[in-house]
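S.K.: The sequence and its predicted three-dimensional model are supplied below.
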Amino acid sequence: MSRAAWSVGAAVCIAALAAGCGKSETPKVDAATERAEATKRASEGPFGTQMKALETAKGLGADVNSKVEANVEKVDQQSK
């Protein structure tokens with residue numbers, strides 16, 4: 001392959017790469033909407049049991065925290 005043919009080939013490749021640069025596609029759906037839809041699909045699909053268990057565990061954590069706070073307040077009142 002001659003040097004001129006190599007240069008032409010390289011120029012064509014660079015032009016093809018440059019033509020694709022700078023074009024940014026905007027997403028069709030924003031991230032928050034996509035996340036909400038994905039969570040809904042997961043809870044209804046094969047991961048539904050795990051999703052429900054996770055929600056239950058989060059609820060238990062909040063319940064335990066509220067009971068602990070109530071007991072700490074009782075102990076503080078009794079110690080005075």
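M.R.: Good, I have the coordinates.

S.K.: in what helix or strand does Val75 lie?
M.R.: Here Val75 sits within helix 48-79, counting by DSSP states H and E.

S.K.: centre of the chain versus that helix, how much separation?
M.R.: Mean-position distance between helix 48-79 and its chain equals 27 Å (CA atoms, centre = their mean, to the nearest Å).

S.K.: That helix: which residues count as buried?
M.R.: Judged by neighbour count using 16 or more other CB atoms under 10 Å, helix 48-79 contains no buried positions. All C-beta atoms are positioned from the backbone trio N, CA, C, and that covers glycine.

S.K.: so what does that helix touch, helix or strand wise?
M.R.: helix 31-44 (3 or more CB pairs under 8 Å, 6 or more residues apart in numbering; DSSP states H and E).

S.K.: So Lys74 versus Asp63, what's the distance?
M.R.: In this view, Lys74 and Asp63 are 17 Å apart by CB to CB, to the nearest Å.

S.K.: what's the answer for Thr49, then?
M.R.: 21 Å.

S.K.: before we move on, what about Glu73?
M.R.: 16 Å.

S.K.: swap in Ala53?
M.R.: In terms of CB to CB, Ala53 sits 15 Å off from Asp63.

S.K.: what does Ser79 give?
M.R.: From Ser79 over to Asp63 (counting by CB to CB), the distance is 25 Å.
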